[in-house]
Structure formats: structure tokens, C-alpha cells
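Novice: give me coordinates for this.
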Amino acid sequence: MILVFGGTTEGRKAVEVLEEGGLPYYYSTRSDGQKIELVHGIHLTGGMEVPEMIQCCREHSIRLIIDAAHPFAEELHRNLVFLAKHIQAPIIRYDRIYPPHDKDLIWCKDYNDAIQQLETNGIERLLALTGVNTIGRLRPYWEKYEDCWFRILNRRASHFVAKANRFPEERLVYYETDDTKDLIGDLQPQAIITKESGLSGGFTEKVEAARQAGIKIFVVERPNYPPHTPNPQNVHIETVNGPYGLRRAVEKLLPEFYPLHSGLTTGTCATAAAIAATIRLLKNEMPEEVPVLLPNGETIQVPVGYGERLRVGASAGMDYAYCIKDAGDDPDVTNGIEVRASVKPADTFEIIGGEGVGRFTLPGFDYPPGEAAINKAPREMIRKNIKEDMRIIISVPDGAEIARRTFNPRLGIEGGISIIGVSGIVKPFSEEAFIDSIRKCMNVAQASGTSRVVINSGGKSERFVKALYPDLPPQAFVEYGNYIGETLKIANELDIKNVTLGVMLGKAVKLAAGHLDTHSRKTTMDKAFIQQMLTESDVLIDMSNITLARELWDKIPHHKLQDFATTIIRHCAEHCCPLLPNGNLTILLIDEKGKIYEV
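Specialist: Modelled structure (predicted):
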């Protein structure tokens with residue numbers, strides 16, 4: 001069982017990640033006001049001391065602790081380390097994303113240092129954005145200088161803290177009535193003081209408002225994590241700063257929590273290999289893991305390895321680093337491949353596709369024909385992670401062979417696999433990944449200049465339908481798998497005017513019932529609805545002994561097959577045509593022998 005200590009933005013994000021597991025967990029907050037909607041989670045409220053935490057963990061068989069508390073909650077962080085050590089459980093620290101320490105800010109080690117620096121800089125008018133619980137810590141300053149205001153939440157608990165510290169009520173300002181920019185304009189302080197609270201704590205907005213006003217900015221640095229405790233090395237702690245990293249850490253430390261595990265895109269693997277190769281070149285170091293900044297701003301640790309000088313190809317004579325593609329539980333033919341990178345200093349930043357990386361031969365991609373099949377998102381990932389000007393060569397041993405088992409030949413990507421990935425992470429059996437591949441195929445189809453795009457569930461139905469359209473280019477035929485609705489929506493977004501939908505009976509009866517995603521995980525054959533369509537077609541057969549829809553081809557009298565097909569196509573059109581309002585949709589029903597029915 002997992003116990004989350006939340007009450008923060010990170011706590012809410014942690015809940016979203018854990019809900020994907022579908023198993024129960026516990027979510028602890030100090031007050032009822034921090035409760036959030038949970039489906040599988042169980043709320044625990046009220047502050048706990050270490051003995052109560054230990055008892056709670058024993059009662060609920062806690063095996064993993066997620067510390068998603070505020071970065072300045074030092075006492076809680078220390079208590080959780082003690083707790084983890086006592087119950088012999090690991091900790092995942094869900095931290096925030098922090099901007100760099102810009103030099104125009106005045107950084108303070110703690111509140112005593114902040115008071116000293118405020119006085120050294122002659123600050124007598126101050127707007128404090130550090131929260132109500134810091135009033136006591138800054139007392140020596142505001143007792144000396146009357147023009148000091150604290151912004152607090154306008155709620156009873158905050159007023160109680162301010163009153164207990166005897167802070168003048170008239171110098172309290174509130175979040176509800178003013179933002180930072182307005183407050184600075186009204187109060188005209190010489191400076192603001194804030195905490196290094198990270199992006200989710202509004203740090204950037206506060207700093208930018210003060211910069212625009214031309215006033216000084218004092219920042220109290222966040223405490224070190226893990227906190228100083230006796231023998232903290234006996235506690236296993238993993239730190240993450242985003243949802244993907246959290247899920248991967250849970251999968252590692254408590255594998256059974258998720259029925260399916262996530263993986264890495266080839267783009268992330270290429271980025272990790274490039275980072276490792278750069279570190280090796282510039283620092284002569286070979287770490288076992290490297291930090292990879294993902295497109296969403298979080299950083300994950302990715303395992304890497306190293307190889308000796310390559311003898312052939314664009315990177316001949318260069319040492320390389322590699323990353324083994326981990327697809328998780330997503331069915332991906334690239335799982336286990338080795339993605340390599342070799343680097344050398346250059347006058348400009350350049351990414352080159354080496355052995356096993358395909359090349360675009362058709363329009364419709366991020367880059368023109370002739371370019372290496374390394375998509376825009378992975379290129380941007382590599383650039384953001386490597387600041388130095390480098391010539392980076394990405395290669396994939398056996399990539400050409402692997403590519404034959406992918407969509408690449410049909411897309412016009414030749415000579416190897418493509419380096420892809422939008423988020424950097426592959427969720428198992430990801431709808432997003434499959435739909436993204438459909439979108440790429442539709443883009444290529446449109447760029448081919450075809451007068452019609454033909455969408456099919458797979459190779460079998462496509463083979464039958466191709467005979468009807470012998471003059472269309474290969475790129476005009478696109479597989480939708482189970483995502484009929486999403487494919488039609490993409491066609492509408494791309495303003496494709498003529499679309500043919502080829503569908504076999506098993507998917508057709510689901511589509512006719514309104515199921516635009518026909519995967520067996522989402523829907524099953526509705527015998528009652530099929531019986532209704534048989535009645536509409538004036539066909540009298542018993543559905544009770546039929547297990548698979550395709551059995552109907554043998555059960556229905558031959559002279560009634562067209563009537564039944566017409567009924568199915570009509571129902572399918574009711575659900576599909578509205579998704580292509582500006583185009584013409586032709587629906588073809590295909591039997592097991594390849595005969596095609598249309599209206």
C-alpha cells in the first residue's frame with residue numbers, strides 16, 4: 001500500500017498518477033480543507049507525529065511513502081525520513097521544478113540571512129510574499145520597520161497565526177483582492193521577499209512582477225533535501241519532479257501497483273545517449289544514469305551505457321554512448337533496441353542520422369525529403385538538454401531490419417527506424433501513440449496529392465479494398481486499428497474531402513451501435529442490437545448461439561446479405577458522417593472472402 005503526504009499542487013498531481021493504477025492508496029493532509037476528489041484513494045486528515053505515523057503505516061501495511069509536501073515543510077520531511085527508516089520503506093520525494101538562480105536576485109540562505117541582507121541593502125519598505133507562517137521568522141525586521149506588509153490567505157487559520165504573532169492587521173494584504181503587480185503598484189515597496197517555491201508556487205510570476213516594477217527581489221533558498229537526520233543513508237530515497245518520473249519510480253519500487261508499465265520513446269533514448277556522450281567527451285565521466293529534461297519541463301533519470309570507437313559510418317573513429325529502448329508493456333517492435341549517440345565539438349549545433357536511422361522520402365513530415373527521420377520533438381529535446389555546440393550523430397544498429405516491421409515503409413521512411421516521441425514517455429498500450437501514428441499517415445496521404453484517402457482496420461481489409469482503387473498511391477491507404485472516430489476527426493481537421501472507410505463485420509456491428517473505438521477492451525458485440533438490425537433487414541435467425549459476428553455471413557440467407565449490409569452501413573453512417581461534415585464518406589462492408597458491400 002502507498003501513503004502520500006500531500007496538500008500541495010504536487011500532492012494533487014500525485015493523485016492523478018496513482019489513480020491510473022486502479023488500486024487503493026492513502027492520501028494524508030493536515031486539514032479537511034485540503035481534501036480533493038479521489039476514486040481509488042482513501043483520505044487521512046490531521047497532522048501526525050512520528051509515533052502516530054508509524055502506527056498508521058502498520059495498520060495499513062504501507063510499503064511506499066510519497067513525500068509531496070511543500071519544499072519548506074522541513075519538520076515533516078525529517079519525520080518522514082525517520083518513518084521510512086523505522087518501517088523499512090522507500091520514499092519518493094515529489095519535488096517541484098525550480099528556475100535557475102538568476103544573478104539579478106538576492107539569494108538568502110535562511111530568514112536570519114534575509115533580515116541581514118535586507119538591512120544591508122537599506123530596505124525599509126517591504127512586501128513579504130513568504131506566507132503567514134514566516135511572520136514570526138521575520139519579526140526582527142517588521143518590528144523595526146513599520147512599512148512591511150505580508151500577503152496572506154484571507155481565511156480564519158491565517159488570521160489566527162498573524163494575530164498570535166501580534167502582527168498589525170492593517171498591514172495584512174490578501175490573495176483574493178490583488179495580484180503581485182497590483183500590490184506593488186499600490187504599496188510602492190522598495191523590494192519583495194519570497195521563497196524559492198518553484199514554478200507551481202508562483203515563483204516566476206512574483207519575480208517578473210517585481211522586475212517590471214524595477215524593485216529588488218530577495219529570495220529565501222529552499223532547504224536541502226533530504227533533510228539532515230541521523231543515518232539518512234539507510235533510507236532509500238528517489239526524487240522526481242513530475243508525473244512521468246513519479247509513475248516510473250512507483251513502477252520500480254512497487255511494481256505490482258500498475259498492471260502495465262510505462263516506457264521511453266526513441267526520442268528520449270536518443271537524448272539520453274547524446275547527453276551521456278557529451279558528458280564523456282567534456283568531463284571524461286561515464287555515469288550510469290543521466291538526467292533528461294522532458295518536453296513538459298520535468299527531469300527523469302535514464303540508464304545509459306558506453307561503447308568504444310565506431311569503425312564505420314558517419315561516426316567512424318568516435319566513442320559513443322547508448323540507451324536501451326524500454327517500451328514498458330507497450331507492444332513495440334523497437335523494444336530492447338540500442339540507440340547510440342556520438343558527439344564532437346562543432347561551430348554550430350547539428351543533429352545527424354547515422355546507421356539504422358531512416359530518411360524521409362515523401363513530404364508531410366516535420367522535415368523535407370532527404371532529411372534524417374528524427375522528428376521535431378526529439379530534436380528539440382536534444383537541443384534543450386545539450387547547451388554546447390556539438391555535432392551529434394544518432395545511430396541504431398539493426399535499425400534497417402527493425403524498420404521493416406513498422407509503419408515506416410508505408411510512410412516513405414527508408415533505410416531505418418524513425419526517432420520519435422512527443423512527451424518522451426510511452427504509456428502502455430498508449431492510445432496517444434497509436435493516434436499520433438495515424439495522424440502522421442494522414443499527413444503523408446494528404447501530401448501525396450491523392451484524391452481520396454482510404455482508411456482500413458488492417459492489412460487484410462486493405463488488401464481487399466485496394467482492388468477498388470488501383471490508381472491511388474500507396475500512401476492513400478491508412479490503417480485506423482480501432483480508432484475509427486479519431487481517424488475521421490483527423491481527416492476533418494486536415495480538410496480531406498473524400499474518405500472511404502473499409503470495415504469488416506466484427507468492427508462494423510460495434511460501429512453501427514455507436515462505438516467509435518472498437519477495441520475489445522472498450523466494447524463487446526451487442527447481440528440485442530444485432531438482432532434489431534436483423535429484424536430491420538427482414539432476416540429471421542437466432543442470435544443466441546452466435547459467438548463471433550463473422551458467423552453471420554454463413555447464417556444469413558444469401559439473397560438477404562445485401563439488405564443486412566445496407567442496414568449496417570446505414571447505422572454506421574449515422575455515427576460517422578457527422579465527424580466529416582465538410583467531406584464525402586463512403587462506407588464499405590467487407591466479408592471474410594473479400595466481397596465488398598456498399599449502399
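Novice: tell me the contacts of the residue nearest to K181 when sequence neighbours are not counted?
Specialist: Of all residues not flanking K181 in the chain, A209 sits nearest, at 4.3 Å (CB to CB, 6 or more residues apart in numbering). All C-beta atoms are positioned from the backbone trio N, CA, C, and that covers glycine. The contact partners of A209, by CB atoms under 8 Å, 6 or more residues apart in numbering, come to 179-181, 184.
Novice: quick check: A209 is in a helix.
Specialist: Yes: the assignment for A209 is a helix, going by DSSP: H, G, I helix; E, B strand; the rest coil.
Novice: distance of A128 from K216?
Specialist: Distance, A128 to K216, using CB to CB, to the nearest Å: 13 Å.
Novice: which elements pack onto the helix or strand bottoming out on mean pLDDT in the chain?
Specialist: One helix or strand of the chain scores below all others by mean pLDDT, DSSP states H and E: helix 408-411, with a mean of 77. Packed against helix 408-411, as judged by 3 or more CB pairs under 8 Å, 6 or more residues apart in numbering; DSSP states H and E, are the following elements: helix 431-447.
Novice: now do the helix it packs on: distance to the chain's middle.
Specialist: 19 Å (CA atoms, centre = their mean, to the nearest Å).
Novice: likewise stretch 386-403?
Specialist: Distance, centroid of stretch 386-403 to centroid of chain: 23 Å (CA atoms, centre = their mean).
Novice: mean confidence score for that stretch?
Specialist: Stretch 386-403 shows a mean pLDDT of 93.
Novice: now swap in stretch 89-105 and tell me
Specialist: Rounded mean pLDDT across stretch 89-105 is 94.
Novice: centroid residue for the chain?
Specialist: With distances taken as CA atoms, centre = their mean, the residue of the chain nearest its centroid is S423 (5.2 Å).
Novice: which residues sit in contact with that residue?
Specialist: Contacts of S423 by CB under 8 Å, 6+ apart are 244, 265, 294-296, 432.
Novice: want to throw those into CSV with distance to Y94, secondary structure and pLDDT?
Specialist: Listed next are the contacts of S423 as CSV, based on distance: CB to CB, whole Å; DSSP: H, G, I helix; E, B strand; the rest coil; pLDDT from 0 to 100:
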residue, distance to Y94, secondary structure, pLDDT
Y244, 12, helix, 93
T265, 23, coil, 92
L294, 15, coil, 94
P295, 19, coil, 91
N296, 14, coil, 90
E432, 23, helix, 72
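Novice: scan those and report the most crowded one.
Specialist: Counting neighbours by other CB atoms under 10 Å, T265 comes out on top of the contacts of S423 with 27 neighbours.
Novice: ok now do it, which residues does it touch?
Specialist: 378, 420-426.
Novice: OK, contacts around the residue nearest to it when sequence neighbours are not counted?
Specialist: Once flanking residues are discounted, T265 sits nearest to G421: 2.5 Å by CB to CB, 6+ apart. The contact partners of G421, by CB under 8 Å, 6+ apart, come to 264-268, 375, 377-378, 381.
Novice: buried members of those residues into ChimeraX, please.
Specialist: A single ChimeraX command selects the buried members of these (16 or more other CB atoms under 10 Å):
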select :264,265,266,267,268,375,377,378,381
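Novice: now, which of the contacts of G421 lie within helices?
Specialist: 266-268, 377-378, 381 (DSSP state H).
Novice: redo these as JSON lines? Include pLDDT and distance to D563.
Specialist: Output for the ones in helices among the contacts of G421, formatted as JSON lines (pLDDT from 0 to 100; distance: CB to CB, whole Å):
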{"residue": "T266", "pLDDT": "93", "distance to D563": "49"}
{"residue": "G267", "pLDDT": "94", "distance to D563": "51"}
{"residue": "T268", "pLDDT": "96", "distance to D563": "53"}
{"residue": "A377", "pLDDT": "90", "distance to D563": "50"}
{"residue": "P378", "pLDDT": "94", "distance to D563": "52"}
{"residue": "M381", "pLDDT": "95", "distance to D563": "55"}
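Novice: can you give the distance of stretch 94-111 from its chain's centre?
Specialist: 26 Å.
Novice: equivalent analysis for stretch 183-191, please.
Specialist: 39 Å.
Novice: and the closest residue to K489 other than its chain neighbours, what does it touch?
Specialist: Spatially, and ignoring its direct neighbours in sequence, K489 is nearest to L579 (5.6 Å; CB to CB, 6+ apart). Counting by CB under 8 Å, 6+ apart, L579 makes contact with 485, 488-489, 492, 516.
Novice: how about these, which pair is most distant?
Specialist: N492 and L516 (13.1 Å; CB to CB).
Novice: so between the two, which is more surrounded?
Specialist: Neighbour tally, N492 and L516, criterion other CB under 10 Å: the higher count belongs to L516, 19 against 16.
Novice: and for the residue lying closest to the more buried one once chain neighbours are set aside, the neighbour number?
Specialist: Nearest residue to L516 in three dimensions, chain neighbours excluded: G485, at 2.8 Å (CB to CB, 6+ apart). G485 has 18 neighbours, counted by other CB under 10 Å.
Novice: quick one: contacts of the helix or strand containing G485?
Specialist: Element membership for G485 (DSSP states H and E) is helix 484-493. Under the contact criterion CB under 8 Å, 6+ apart, helix 484-493 has outside partners 435, 438-439, 442, 453, 455, 478, 480, 499, 501, 503, 507, 511, 516-518, 576, 579-583, 585.
Novice: now the element after it, going C-ward?
Specialist: Criterion used, DSSP H and E; the element after helix 484-493 is strand 498-504.
Novice: what's the farthest-apart pair in the contacts of S423?
Specialist: The most distant members of the contacts of S423, if one measures by CB to CB, are L294 and E432, lying 14.5 Å apart.
Novice: in the stretch 151-300 of the chain, which spans are strands?
Specialist: Secondary structure of the stretch 151-300 of the chain, counting by DSSP state E, counting those that start in this stretch: strands at 172-174, 191-195, 216-220, 237-240, 263-264, 289-293, 299-303.
Novice: where does the protein dip in pLDDT?
Specialist: Within the chain, the stretches with pLDDT under 70 are 176-178, 229-233, 309-317, 331, 429-430, 433, 519-522, 547.
Novice: W107: neighbour count?
Specialist: 16.
Novice: hmm, I was thinking of E20
Specialist: Neighbours around E20, by other CB under 10 Å: 18.
Novice: what of E37?
Specialist: Count around E37 with other CB under 10 Å applied: 8.
Novice: how about K387?
Specialist: Count around K387 with other CB under 10 Å applied: 9.
Novice: ok, now L540?
Specialist: Under the criterion other CB under 10 Å, the count of neighbours that L540 has is 10.
Novice: K593 too?
Specialist: Neighbours around K593, by other CB under 10 Å: 7.
Novice: is it true that it lies in a helix?
Specialist: No: assessed with three-state DSSP, K593 is coil; it does not lie in a helix.
Novice: from L534, how far out is it?
Specialist: On the measure of CB to CB, K593 and L534 end up 21 Å apart.
Novice: kindly report the same for R550.
Specialist: As judged by CB to CB, R550 and L534 stand 15 Å apart.
Novice: between these two, who's got more neighbours?
Specialist: Set R550 next to L534 and count neighbours by other CB under 10 Å: L534 wins out with 21 against 14.
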